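Novice: any chance you can model this:
(chains A and B)
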Amino acid sequence: MASDTYNYIKIEEKWQKKWFEEKIYLANKQNNKKFFIHFAYPGVSGYLHVGHMRGFTYCDIIARYKRMQKYDVIFPAGFHASGIPSIGFAKKVERKDNQTIKSLKEYGLDEKHIQKLSDPNEVVTYFAKVYVEDYWKKFGFLIDYSRIMSTISEGYKKFITWQFLKLKEKNLLIKKPHFAPFCPNCGPVAVDKSETDISKGGSSEILEFTVIKFIMTDKTILPAATLRPETIFGVTNMWINPDVEYIKAKIGSEKWILSKQAFEKLKNQIDNVEETNEKIKGKDLIGNTCKIPIIGREIPLLSGSFADPNVATGIVMSVPAHAPFDWIALVESGENIEPITIIDVKGYGTNPAKQECEKLGIKSQNETEKLDLATEEVYKNEYHKGYLNEKCAKYAGIKISDIKDEVKNELINNNHATLMREFSEEVICRCQTPVLIKQIPDQWFIKYSDIDLTDQTKKYSESMNIYPQDYKNELPGVLDWFDDRACIRQGSWLGTEFPFKKGWIIEPISDSTLYPAYYVISKYVNEEKIKPSDMTEQFFDYIFLNKGKSQKPIWYEIKKDFDYWYPVDINLGGKEHKTVHFPVFLMNHVAVMPKEKRPRGIFVHWWVTQKGKEKISKSKGGAEHIKEAATKYGVDSMRLYYAHVGSPFVDIEWDEETVTKYKNRLANIFKQIQSFKELKNQKNENLDKWLRSNLQRTIKKTFDAFENFDLRVATNEIFFEMQKTISWYIKRGGSNKEIIDSFVKNWLLLMTPITPHMSEELWTNYAKSGFISNEFYSKFDETKISEKDEIGEYLLQGVTDDISEILKVTKIIPKKIFIYTSPSWKQKIFRKAITLKSENKLEMRMFMKEIMSEPSMKSNAKQVSQYASKIFGEVKKLSESDKNKYIAEINEKDYLKSAEEYLKKLFSSEIKIFNTDDKDIYDPEGKTRFAVPLRPAIFIE
RNA sequence: GCAGGGGUACCCGAGCGGUCAAAGGGGCAGGGCUUAGGACCCUGUGACGUAGGUCUUCGAGCGUUCAAAUCGCUCCCCCUGCACCA
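Specialist: Next comes the predicted model:
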């Protein structure tokens, strides 16, 4: 294979081997300025796909850029192994889940190894290796691999234990009852969109019903569950499903009638619940009456088939004036009951429910879809615009949005009601059992609602570098909204035992808030310079809080490290972390760490999705294995793809063809750079200076973009603009070895953070020694900027465009092209105007006077005044950069002459270049009069 | 309802007061290279135009400005989170 072919597989392997053998990734204290970057470590839940690599790649790009800017970069990584994912994975292996076994086999594991993975700890060990070897190293990441850690390691657990001791000290651990999803079979489960624990209902939410105790004549309680307790004043009747067999239960000292299903749920939520053997058919209840608590009004029990025994208590209170379901059921029942309107809303008459039903043409309680719509509409209007009316006694005149909780609390406080939690949709556990909501009487929480903590964090976040800006603006709101978080779980979870309650495990969000600090220590643990058993409270207090004294020399060494590297400069994570991980990351730092150790920056990136904005997933295809993709497209191509295909702050769609295009582009650049070797060395003063100048401008632009973590802009400059620039230079006939060399050298340096492997290869080809990854950037050199030559090329570009345009329109095949640059008097006038404008003194009368004061102008007064007035308006509109262009002293004729050969070739025509001031100009059509500065006149024959 | 983000040429997407008929891809059309190959290169791709021009366009409509895709207001539509919905 020829050396100029882009054999990315070989190249990537070769350089990774070298980097990792020489451990160039180690964080060293050398330059006295440091940069700490890390990504939100991944959970260990199985093989990752190409989407995950986006954020990791951003991190490596930034880290590599910073190290080339002479920062001591520390870029550590680890695994979030706590929680259930790895247990879930092990369980799947144990029960021989087809998908799982298949994927493991595809990855090349043998039976024996697969068997081992029924142990969660083995799962973590295995995937930790896959992540490091097959993902991170394959992508050439200069992660400090000496610091790799996992959240279930002994050392880490010590660290988390310490953190919770500190939280307790600060009174940020509190105890209160909690209601959590629970599977009777498997214990606690997490209900979230990823559905790791469950097989159905991931988007379900926990609703809080108020169960109002209606009293029957024999004192039995008829508990009606509602989300709108304030409507109690408008209740006209109850709905009982005639086809359901209800049961009687003892709740405390009370006797309740409710559905069997409701009872099963309540058993987990309320104490002293006991089933009796008594049952009663729904239809037997109908016809009885009961009393509304507080109000005492007596109401009938009617037949309502829509009362679902699976929802809440199975018994529904009827508010026909405000609930469309109730209204329609009432109409259908044929009962002569008058709805009671208790909420006045602008835009509604006396019966909002009826009104909405009529609007939507609802005729029957079976039209649930329409009824849901109507309900939503009524509620929306009432909640925001409604006031309780005079029928609501002391609550009259109060806005619904303000009253809701008040009514609820009064009912509860007077034992007229209680609460019941219920999922908004059915949730089924992985084991196929329905998930319930269970009360945990004294759950521990981290008190994120703490006002002082919240305020401090909000205030601090203002001083941080947060990307994108939108998130920075959003963050204070998120911090306010963030409520206490239950921080321990009981069940089969991996993690650290909670120091204040035996057998309970700290849950995974709470154990990953301060973890970047542990990267400083993990190195010493990995190297066995300190044993987890030595990592006591005093140890961490000393390292992190500067409390107490160093008890061993190694303590001092670690502390020096911590003080050098900490705080975090950038914590980078996907948008899913915006409302969970990042807020707790900040709040814990603010709560526990000294002020100067608080994080300095957060970078949020969006996702890689599949076509149609679907979240990438294996079942829907497109989730290419990272290892395969790396072979298919090349790692550098993928890095370039991530960096360039979209802004970091939008979702991008994974598209194989697009990745292929990037691969081709890289191959082109690779070949192009190789081809420069064959150029003959030849100078071309103007052009050379132009290239040199352009290079510096690009460097400036690229650095600026990188400094703002504007990776896409930087990448665009490097891989698109720079290629255009050098192509133009070559096309124009540029061939100066020294200049090209310097351009290429800088180009390769700039490319390195994004496509490090290719850069290394070309760097060696260019007979440079050492790793380009270890090189430093040279500073932007303003002295190499040559405005004149930049303008010259701008002029030339304009001339060629104009000629092309003329040729296109006239369809002439040119024999001779005449170019006339503008006469000096026009240039003078133009410059004059610009100067005056810059001084803010451009005014017509003065302008003319000043021009005419020159004798040479007077002799040409007519043309001069014509031109001056024409230019007057134009100059007023000029932008700053245009002004610079026009004011520069450039000999247009000479510049164009230097490009004569190029023009000749380009148009296959003879080229004649004149200045309008020249004598004996050939100008049969008097085109010279059109010549203006930087816009020569053209005549073609 | 609250909060946030959007609507840009055939498509994806950048731009976010003048350098914008609007980057960059892709698609399409033509040409080149060639073992005429889905690789690569060049040209074109709003309309009109036999001289470098003119006209119309950045969801819709008003407005601010010498100047608006870019700023303000109103409206329509899409997405995300939260709230809410027996």
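Novice: tell me the SS of the residue in the stretch 1-150 of chain A positioned nearest to RNA strand B?
Specialist: Here the residue of the stretch 1-150 of chain A nearest RNA strand B is residue A:6; by C-beta to the nearest atom of the strand that distance is 10.4 Å. All C-beta spots, glycine's among them, are computed from the backbone N, C-alpha and C. For residue A:6, the assignment made with DSSP: H, G, I helix; E, B strand; the rest coil gives coil.
Novice: distance check, it against residue A:422.
Specialist: Residue A:6 is 60 Å from residue A:422, where distance means C-beta to C-beta, to the nearest Å.
Novice: what's around residue A:442, how many residues?
Specialist: 9 (other C-beta atoms under 10 Å).
Novice: ok but it is inside a strand, no?
Specialist: Yes - counting by three-state DSSP, residue A:442 is found in a strand.
Novice: quick check, it in contact with residue A:486.
Specialist: No - Residue A:442 is beyond contact range of residue A:486, at 11.0 Å (criterion: C-beta atoms under 8 Å).
Novice: now do the same contact list for the residue of the stretch 1-150 of chain A closest to RNA strand B.
Specialist: A:666, A:667, A:670, A:671, A:758 (C-beta atoms under 8 Å, 6 or more residues apart in numbering).
Novice: how about the stretch 801-941 of chain A: which residue is closest to RNA strand B?
Specialist: Taking C-beta to the nearest atom of the strand, the stretch 801-941 of chain A has residue A:802 as its residue nearest RNA strand B, at 3.4 Å.
Novice: what number of residues lie near that residue?
Specialist: Neighbour tally, residue A:802, other C-beta under 10 Å: 15.
Novice: now do the contacts for it.
Specialist: By C-beta under 8 Å, 6+ apart, the contact set of residue A:802 is A:935, A:938.
Novice: that one: which element?
Specialist: helix A:787-810 (DSSP states H and E).
Novice: helices along the stretch 601-750 of chain A, start to end?
Specialist: A:626-633, A:635-644, A:656-675, A:685-707, A:711-716, A:722-731, A:737-751 (DSSP state H, counting those that start in this stretch).
Novice: just name the most buried of the ones you listed.
Specialist: Ranked by mean neighbour count under mean count of other C-beta atoms under 10 Å, these are led by helix A:635-644, which reaches a mean of 26.
Novice: angle of that helix against helix A:656-675?
Specialist: 110 degrees (axes from the mean of the first three to the mean of the last three C-alpha atoms, to 10 degrees).
Novice: I'd like the distance from helix A:635-644 to the chain centre, please.
Specialist: 18 Å (C-alpha atoms, centre = their mean, to the nearest Å).
Novice: what's that helix packed up against?
Specialist: With contacts taken as 3 or more C-beta pairs under 8 Å, 6 or more residues apart in numbering; DSSP states H and E, helix A:635-644 sits against helix A:8-22, helix A:53-68, helix A:626-633, helix A:656-675, helix A:711-716, helix A:756-765.
Novice: dump those to JSON lines, plus mean pLDDT.
Specialist: Shown next, in JSON lines, are the helices and strands packed on helix A:635-644 (pLDDT from 0 to 100):
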{"stretch": "helix A:8-22", "mean pLDDT": "95"}
{"stretch": "helix A:53-68", "mean pLDDT": "93"}
{"stretch": "helix A:626-633", "mean pLDDT": "86"}
{"stretch": "helix A:656-675", "mean pLDDT": "85"}
{"stretch": "helix A:711-716", "mean pLDDT": "86"}
{"stretch": "helix A:756-765", "mean pLDDT": "92"}
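Novice: report the contact partners of residue A:181.
Specialist: Counting by C-beta under 8 Å, 6+ apart, residue A:181 makes contact with A:188, A:189, A:190, A:191, A:206, A:423, A:427, A:435, A:436, A:437, A:438.
Novice: filter those residues to the buried ones?
Specialist: Neighbour counting by 16 or more other C-beta atoms under 10 Å classes A:188, A:189, A:190, A:191, A:423, A:427, A:435, A:436, A:437, A:438 among these as buried.
Novice: in three-state terms, label the third one for me.
Specialist: Under the three-state scheme (three-state DSSP), residue A:190 adopts coil.
Novice: would you agree it is in contact with residue A:85?
Specialist: No - between residue A:190 and residue A:85 there is no contact under C-beta under 8 Å: 9.9 Å.
Novice: surely residue A:892 and residue A:823 touch.
Specialist: No - counting by C-beta under 8 Å, residue A:892 stays clear of residue A:823, with 10.9 Å between them.
Novice: mutual contacts of these two, please.
Specialist: With C-beta under 8 Å, 6+ apart as the test, residue A:892 and residue A:823 both reach residue A:915.
Novice: looking at those two, which one has more neighbours?
Specialist: Applying other C-beta under 10 Å to residue A:892 and residue A:823 shows that residue A:892 carries more neighbours, namely 24 against 21.
Novice: residues contacting the nearest residue to the more buried one once chain neighbours are set aside?
Specialist: Using C-beta to C-beta, 6 or more residues apart in numbering and skipping residues adjacent in sequence, the residue nearest residue A:892 is residue A:821, 4.0 Å away. Listed by C-beta under 8 Å, 6+ apart, the contact partners of residue A:821 are A:892, A:893, A:896, A:913, A:914, A:915, A:916, A:931, A:936.
Novice: by neighbours, which of the residues you listed wins?
Specialist: residue A:936 (26 neighbours).
Novice: can you tell me how far that residue is from residue A:682?
Specialist: Taking C-beta to C-beta, one finds residue A:936 at 26 Å from residue A:682.
Novice: tell me where the stretch 751-900 of chain A has strands.
Specialist: Assigned by DSSP state E, counting those that start in this stretch, the stretch 751-900 of chain A shows strands spanning A:816-821.
Novice: low-confidence ranges, it, go.
Specialist: Filtered on pLDDT under 70, the stretch 751-900 of chain A yields the residue ranges A:840, A:876-881.
Novice: please apply the same query to the stretch 501-650 of chain A.
Specialist: Ranges of the stretch 501-650 of chain A meeting pLDDT under 70: A:610-623.
Novice: any idea how far the residue of it at minimum distance from RNA strand B lies from residue A:495?
Specialist: Residue nearest to RNA strand B within the stretch 501-650 of chain A: residue A:647 (4.0 Å; C-beta to the nearest atom of the strand). With distances taken as C-beta to C-beta, residue A:647 is found 36 Å from residue A:495.
Novice: higher neighbour count, the two?
Specialist: residue A:495 (24 against 14).
Novice: residue contacts, that one?
Specialist: Per C-beta under 8 Å, 6+ apart, neighbours of residue A:495: A:82, A:83, A:151, A:152, A:160, A:505, A:506, A:507, A:508, A:511.
Novice: how about the contacts of residue A:821, which pair is most distant?
Specialist: Farthest-apart pair in the contacts of residue A:821 is A:896 and A:916; separation 13.1 Å (C-beta to C-beta).
Novice: what about residue A:649, neighbour count?
Specialist: Residue A:649 has 16 nearby residues by other C-beta under 10 Å.
Novice: likewise residue A:459?
Specialist: When neighbours are defined as other C-beta under 10 Å, residue A:459 has 11 of them.
Novice: repeat that for the one 3 residues further on.
Specialist: Residue A:462 sits with 10 neighbouring residues when counted by other C-beta under 10 Å.
Novice: again, but for residue A:870
Specialist: A count of neighbours around residue A:870, defined by other C-beta under 10 Å, yields 12.
Novice: the closest residue to residue A:630 other than its chain neighbours and residue A:65: what is the separation?
Specialist: Leaving aside its sequence neighbours, residue A:630 sits nearest to residue A:138 (C-beta to C-beta, 6+ apart; 5.2 Å). Counting by C-beta to C-beta, the gap from residue A:138 to residue A:65 is 21 Å.
Novice: more neighbours, these two?
Specialist: Legend: neighbour count by other C-beta under 10 Å for residue A:138 and residue A:65, higher for residue A:65 (24 against 19).
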